[in-house]
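> Model the structure of this input:
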Amino acid sequence: MNIEIRYREFLPEARRIVVKIGTRVITQASGRPDIQIIKSLVKQLAYLQRQGYEILLVSSGAIGAGVEALGLKSRPTSVPDLQMCAAVGQARLMARYEALFKLEKIMIGQVLLTHADFQHRIRFANAKRTMEHLIRHNVIPIINENDVVADEEIKAGLSLGDNDYLAALVVKLARADLLVILSTVDGVLDAKGKRVKCIDNLTEAFALVKPLAAGGLSKGGMQSKLHAAQIAVKAGCGVVIAGGRNNKVLTNTVAGKDVGTLILSSAL
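This is a model prediction of the structure:
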């Protein structure tokens, strides 16, 4: 049996799954939400929850939605402008999620976090307790960086990388079994543009990717996804980076099918 396929056999056994959706996955080039993609992902998440999986969703897109709503031509660079876009866009993003999950008869809960919430013992404990309580009551937490109150130090030096790093921190907080990072590409690509099916050495994987070009709606890129994966695998969590616009990407990933790039946890 192909060793990479064998490693995927554990994926259906994961019980608690963190799914991270990047800005570009759920938005058009203008920043306007791509409703069909969001609908598809919501249906897949709802299906997984009904199958008994515990789902935590880390979703970007608030700033992009704000950029579109405010009629801006591109993503701002100053902290106050970013926070303004987040304030305008976050409500719109959550309203869309709420309407779509309601059709699936699933309730959602908004959780906004910053670095300080993970560094302060009491705030960390409070966030963990809230998350556990939501999951216990079959409420899907939708988690985002609290850009509206994040200070300039966080924005300048400790950016959460379009929520990639945040997703890794949530993995540790929730003790998740699997992290699925959805991107606009099918996974980590090699020098020839071919999908790498399995990675057991992240140091070599970093050499494959290029820095993100400036000026786009998102602030992540494959480098930030690999950094997030590095944190998650050290915590014993398996990681899959996959194309979020592919049909049934979430259900196929959790079923153990050959989707995206599997990054092996340190426990394997």
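> contacts, neighbours, all on C-alpha from now
Will do.
> Now do the strands in the chain.
If DSSP state E is used as the criterion, the strands of the chain fall at 16-21, 54-59, 107-113, 139-145, 178-183, 198-199, 238-243, 261-263.
> which other residues reach the second one?
What it means is strand 54-59. Contacts of strand 54-59 from elsewhere in the structure, counted by C-alpha atoms under 8 Å, 6 or more residues apart in numbering, are 15-23, 45, 48-49, 135, 140-144, 163, 166-167.
> Who's the closest spatial neighbour of residue 43, skipping the chain neighbours?
The shortest distance from residue 43 to any residue that is not its chain neighbour, by C-alpha to C-alpha, 6 or more residues apart in numbering, is 7.3 Å, and that residue is residue 104.
> Give me the local confidence score for that neighbour.
Reading off the confidence values, residue 104 has pLDDT 98.
> Same question for the one 3 residues further on.
Looking at residue 107, its pLDDT reads 98.
> residues contacting it?
For residue 107, the residues meeting the contact criterion (C-alpha under 8 Å, 6+ apart) are 98, 101, 138, 139, 140.
> Next, count neighbours for the first one.
Pointing back at residue 98 there. Counted by other C-alpha atoms under 10 Å, the residues lying close to residue 98 total 19.
> For the stretch 1-150 of the chain, just list every one of the helices.
For the stretch 1-150 of the chain, the helices identified by DSSP state H, counting those that start in this stretch occupy 3-7, 23-26, 35-50, 62-69, 79-103, 115-119, 121-136, in order along the chain.
> so which of these comes closest to residue 239?
helix 3-7 (11.6 Å; C-alpha to C-alpha).
> re earlier: distance to residue 178 added to the helices of the stretch 1-150 of the chain, as TSV?
Written out in TSV, the entries for the helices of the stretch 1-150 of the chain read as follows (distance: least, C-alpha to C-alpha, whole Å):
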stretch	distance to residue 178
helix 3-7	13
helix 23-26	20
helix 35-50	13
helix 62-69	24
helix 79-103	22
helix 115-119	20
helix 121-136	16
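> Mean pLDDT lowest where, among those helices?
Looking across these, the weakest by mean pLDDT turns out to be helix 3-7, at a mean of 69.
> contacting residues for residue 238?
Taking C-alpha under 8 Å, 6+ apart as the criterion, residue 238 is in contact with 177, 178, 179, 232, 262, 263, 264, 265.
> related to what we said a few turns ago, would you write a PyMOL line that selects the buried entries of the contacts of strand 54-59?
Here is the PyMOL command that picks out the buried ones among the contacts of strand 54-59, judged by 16 or more other C-alpha atoms under 10 Å:
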select buried, resi 16+17+18+19+20+21+22+23+45+48+49+135+140+141+142+143+144+163+166+167
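> Quick one: low-confidence residue ranges for the stretch 101-250 of the chain.
Residue ranges of the stretch 101-250 of the chain with pLDDT under 70: 150-162, 204, 208, 210-220.
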